[in-house]
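Q: this one's sequence-less:
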């Protein structure tokens, strides 16, 4: 039996996927209230917490064997995103980005080794794999508005959470993480560079974030030790805290990079422990982005690094080159390890829409 | 008849407040579907958009005259917050903060005059007036974790939105703003300073944001010209684009500052136009913070400015002094103008909880 994954079918609601087939969950004899599966999202299931998640996973294998599985077509966004926080948890990515964007300074900011650095992203524009992504418009420089010329994508894991109480420390906090998706953090580099001081990214990231249609429970993922570290007590997680998944970023069918997620400095439990440490609880449906998974400048999860901000164009097998993404490009993210495969994220880039019309003359 | 405001009563659902009384909306002969009032939130009403908002406002006065109004006690959070974006739209605040936090550099970053600079905040910790706010814990410096010593509050307006399509320009965009609340942006200055590079504030702001229990429709607010500006065409808003409201920040019953919201550089329609300019739509329940309303260093909407980061303690009438907030302090925000009064925000600060227990020793 391959790994189970949970998602939502457009016509059948919450469902479990096993291998190439899927089974709707409504009506099955499972140890949760039947209304868990009434909404077209996994949020009611996420709300129940780890004991219910484990009990449902344990009850499913015999049920799957006794049912004809349908093709897992037409899966929709698997949960309503409550809050979305995107982190920056791979050292090589943080260092590369620092070298490119803040040359002449220390690549890592002083806080990086002490906490998972992150920011809130836009929950309302998280979309499911398969949704086309239009190139964003935006301010590119003072007085200049137009299509983003340096459109990038970041290869990340997304952690899908249940409720977590304020003050949970890292070992317990991981119990509040239900599972993993692949996450494409679309990034408009010119917009982002111009807008981000002093409050961080906003429109450079808010136009779209793509995730897998199926969520693989964290309990099924292969683990590996994380990078050595010495954090504050509430952020100390038991080893193996990392996840041992090979992740791939592909452009028009050609792999640009393969990286392993074990390089992530901060584990999902540590991300949760950090977020709740100030008194803020998590809600069912909170989504945490791991940050771009990069191992080095050459094995990196985004084009900012792979093309070194356009200085080193990449050559594709069809003879074309890329610094950043072009209209019509198809991006695919994949992830697998120890017999577990995450559901791919696929998205095609569309050209930018027309610019909005203007208001009255300047006051 | 004083201005109408919309909220949610714990035992009666959506309601309208007029003066000292409130009337539940369910069952009234109003030009919207009856299910608009079924949920304990205004979101279904927000979803309907400006024509329905205007029609309901027009239909209410005779109904209010014919009903006995109940006391507007026990109002809950008036809407489910979808995404929350906090801006930085008063020039004096941006300049003061720059002078205090980045001495020796230009107080305003180069982007400030060209766009509403902002960041996504945490939707899940927006609470209604009256909810006590515990002092947050957090990382204060490398290896140091404890209660925030410099706890501040920012006096803001909050704009409550309906759905807005991608690409709406400023004149149309304002039609997607339903109304206003007062907004207390609690800010842990030590946590914020240590965490914010390079991605902006996260835990320094995410523990709580307090808003009014009642939303006053934008159509009722007195307007005034905004500060002169010359933005990109899609950000040009017709004058008078500002709102003419006197806002007060009070501590334990003593007014620390009174400021007028007309100093805000970016109007609510401009904030919406900026957010949707990259292709991201707004959803019903999106909340936009105006940014701290400050007119100068002395007439300012937060203690960072009023005490100049602790260098100039404030003397209260009881003889005590404050640089930042102390446990037990009660903060009140008020707003009024031209016969319209926003519902106050009140919150008492509680002492910090115990620190979370630690994980295993360092790896």
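A: Everything's here; your move. Here the structure is a predicted model, which is why all the values come from computation and not from measurement. Residues are numbered from 1 along each chain as shown, chains lettered A, B, ... in the order given.
Q: C-alpha only now, for contacts and for neighbours.
A: Noted.
Q: on the three-state scheme, the closest residue to residue A:25 other than its chain neighbours is what?
A: Nearest residue to residue A:25 in three dimensions, chain neighbours excluded: residue A:15, at 5.0 Å (Cα to Cα, 6 or more residues apart in numbering or on different chains). The three-state assignment at residue A:15 reads strand, by DSSP: H, G, I helix; E, B strand; the rest coil.
Q: give me the pLDDT for residue A:15.
A: Predicted confidence (pLDDT) for residue A:15: 97.
Q: how about residue A:1?
A: At residue A:1, pLDDT is 42.
Q: can you give me the helices in the stretch 101-250 of chain A?
A: For the stretch 101-250 of chain A, applying DSSP state H, counting those that start in this stretch gives helices covering A:170-173, A:189-195.
Q: can you flag the weakest of the ones you listed by average pLDDT?
A: helix A:170-173 (a mean of 87).
Q: which residues sit against that one?
A: Applying Cα atoms under 8 Å, 6 or more residues apart in numbering or on different chains, the external contacts of helix A:170-173 come out as A:164, A:234, A:235, A:236, A:237, A:238, A:269, A:270, A:272, A:273, B:358, B:359.
Q: could I get the residues you listed as a markdown table with pLDDT?
A: Output for the contacts of helix A:170-173, formatted as a markdown table (pLDDT from 0 to 100):
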| residue | pLDDT |
| --- | --- |
| A:164 | 97 |
| A:234 | 94 |
| A:235 | 95 |
| A:236 | 95 |
| A:237 | 94 |
| A:238 | 93 |
| A:269 | 96 |
| A:270 | 97 |
| A:272 | 98 |
| A:273 | 97 |
| B:358 | 69 |
| B:359 | 60 |
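Q: would you confirm that the residue nearest to residue A:25 contacts residue A:27?
A: No. Using Cα atoms under 8 Å as the test, residue A:15 is too far from residue A:27 to be in contact (11.0 Å).
Q: quick one: which of these two has more around it?
A: Set residue A:15 next to residue A:27 and count neighbours by other Cα atoms under 10 Å in any protein chain shown: residue A:15 wins out with 24 against 9.
Q: roughly how far does that one sit from chain B?
A: For residue A:15, the distance to chain B (Cα to the nearest Cα, to the nearest Å) stands at 26 Å.
Q: ditto for residue A:219
A: 20 Å.
Q: who's in contact with the residue nearest to that residue when sequence neighbours are not counted?
A: Spatial nearest neighbour of residue A:219, excluding adjacent residues (Cα to Cα, 6+ apart): residue A:179 at 7.6 Å. Counting by Cα under 8 Å, 6+ apart, residue A:179 touches A:159, A:160, A:161, A:215, A:216, A:217, A:218, A:219.
Q: and stretch A:309-325, how far apart are its ends?
A: 12 Å (Cα to Cα, to the nearest Å).
Q: now stretch A:285-305
A: One end of stretch A:285-305 to the other measures 31 Å (Cα to Cα).
Q: again with stretch A:71-87
A: OK, stretch A:71-87 end separation, Cα to Cα: 34 Å.
Q: how about stretch A:110-127?
A: 34 Å.
Q: for stretch A:169-184, same thing?
A: 28 Å.
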